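Student: dropping the sequence and predicted coords here.
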Amino acid sequence: MYSEKNIILRATAATHIGYVRSANEDNFYLNGIFFSPSMTEKTILFDINEADSFFLFAVSDGLGGEIRGDEASLTAMRELKKAHNLIKNNNNGNINSCAVNINSYIKNTNNLIYNMSVQYGARMGTTFAALLICGDRAQTFNLGDSRIYHVTDGEIVQLTKDHTEAERLVRLGILSPEEASKSASKNMLYKFLGIPTKEGIIEADISESFFVKKGDVFLLCTDGLTNMVENERIKDVINTENTPSKAASKLINEALENGGFDNITCIVVKIEDILS
């Protein structure tokens, strides 16, 4: 899995507080940039246009109904920033080597957030979904119900699975997808950062690495988007809007138009070219 190929890509991260929540408990990681508490605007947007052999993107969503969800999601992104250079500089061009360091990040960050919850005397947690691009290969990591999509050749594929009780019942054949979408258990997560250490070692779902090609688009997003905008509509927006900035802004706006009941965060990544 060795590759020194450089990727030219454009990416945009966008987040909005929505119309119901009093605070934004989402966060994002745009290859080194994350959402700071000092940013008080309702809509926040960052763009990058870079060439490199290594990129790291992620989104996090503080658990609804828990205290300090914004602190949990911020901690996940802040710790990812600290781990970024370690992951980048110790992969030897081998994307599978990155998984070892990301797993260490997940274990350490899970314990940190859990210890914070003990200190505060209340439960804390956050989802985590990350896309790693190393050379001309990519890999995904996720905990919770934040998602990663791959749009290639005009078609959309969901690369992650939701770690909700409702989705687990769907996979067991107990609920239909339609029943799951209306079930109270659709918001009950069994995997997230901040799980008590006594419940065992937390492990993210890790995809097999796969090749990327020119024109591929990736979407990382929290459920504030996917609960408001259907997958087919997401695909149409990405295929219609010709830049990540336009696509991200359009997706945020459509989620708001459809109710904006939660914080909404997305990162749109487009592979512009692959250099040998």
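Tutor: On my side now, so go ahead.
Student: from here on, just use CA atoms for contacts and neighbour counts.
Tutor: Noted.
Student: what's next to stretch 190-210, contact-wise?
Tutor: Under the criterion CA atoms under 8 Å, 6 or more residues apart in numbering, residues 76, 95-96, 103, 106-107, 109-114, 117, 124-128, 137-144, 159-160, 163-165 lie in contact with stretch 190-210.
Student: inside strands: which ones of those?
Tutor: 128, 137-143 (DSSP state E).
Student: now these in JSON lines, with distance to residue 169, neighbour count and pLDDT?
Tutor: As requested, the ones in strands among the contacts of stretch 190-210 are exported to JSON lines (distance: CA to CA, whole Å; neighbours: other CA atoms under 10 Å; pLDDT from 0 to 100):
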{"residue": "128", "distance to residue 169": "21", "neighbour count": "28", "pLDDT": "98"}
{"residue": "137", "distance to residue 169": "32", "neighbour count": "23", "pLDDT": "94"}
{"residue": "138", "distance to residue 169": "29", "neighbour count": "20", "pLDDT": "96"}
{"residue": "139", "distance to residue 169": "26", "neighbour count": "21", "pLDDT": "96"}
{"residue": "140", "distance to residue 169": "23", "neighbour count": "24", "pLDDT": "98"}
{"residue": "141", "distance to residue 169": "22", "neighbour count": "24", "pLDDT": "97"}
{"residue": "142", "distance to residue 169": "19", "neighbour count": "29", "pLDDT": "97"}
{"residue": "143", "distance to residue 169": "17", "neighbour count": "28", "pLDDT": "97"}
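Student: tell me the one of the residues you listed nearest residue 250?
Tutor: Lowest distance from residue 250 to the ones in strands among the contacts of stretch 190-210 (CA to CA) belongs to residue 128, with 23.1 Å.
Student: contacting residues around residue 55?
Tutor: The contact partners of residue 55, taken as CA under 8 Å, 6+ apart, are 31, 132-134.
Student: that one: what secondary structure?
Tutor: Judged by DSSP: H, G, I helix; E, B strand; the rest coil, the three-state class of residue 55 is strand.
Student: now it. Nearest residue, chain neighbours left out?
Tutor: residue 133 (5.1 Å; CA to CA, 6 or more residues apart in numbering).
Student: helices of this protein, start to end?
Tutor: In the chain, the helices defined using DSSP state H lie at 69-89, 95-120, 165-171, 177-182, 223-226, 231-240, 244-257.
Student: which stretch among those helices comes nearest residue 212?
Tutor: Using CA to CA, those put helix 95-120 closest to residue 212, at 12.7 Å.
Student: quick one: the lowest-mean-pLDDT helix or strand in the chain to chain centroid distance?
Tutor: Lowest by mean pLDDT, DSSP states H and E among the helices and strands of the chain is helix 177-182, with a mean of 76. Remark: helix 177-182 is offset 23 Å from the chain centroid, using CA atoms, centre = their mean, to the nearest Å.
Student: which ones are touching the closest residue in space to residue 86 that isn't next to it in sequence?
Tutor: Distances taken as CA to CA, 6+ apart place residue 101 nearest to residue 86, at 7.4 Å, with adjacent residues excluded. Contacts for residue 101 (CA under 8 Å, 6+ apart) come out as 83, 86-87.
Student: for those, which one is nearest residue 27?
Tutor: Checking the contacts of residue 101 one by one against residue 27 (CA to CA), the nearest turns out to be residue 83, at 16.6 Å.
Student: which of the helices of the chain sits most buried?
Tutor: Among the helices of the chain, ranked by average contacts under mean count of other CA atoms under 10 Å, first place goes to helix 223-226 (a mean of 24).
Student: could you list the residues in contact with it?
Tutor: 145-147, 251-252, 255, 260-266.
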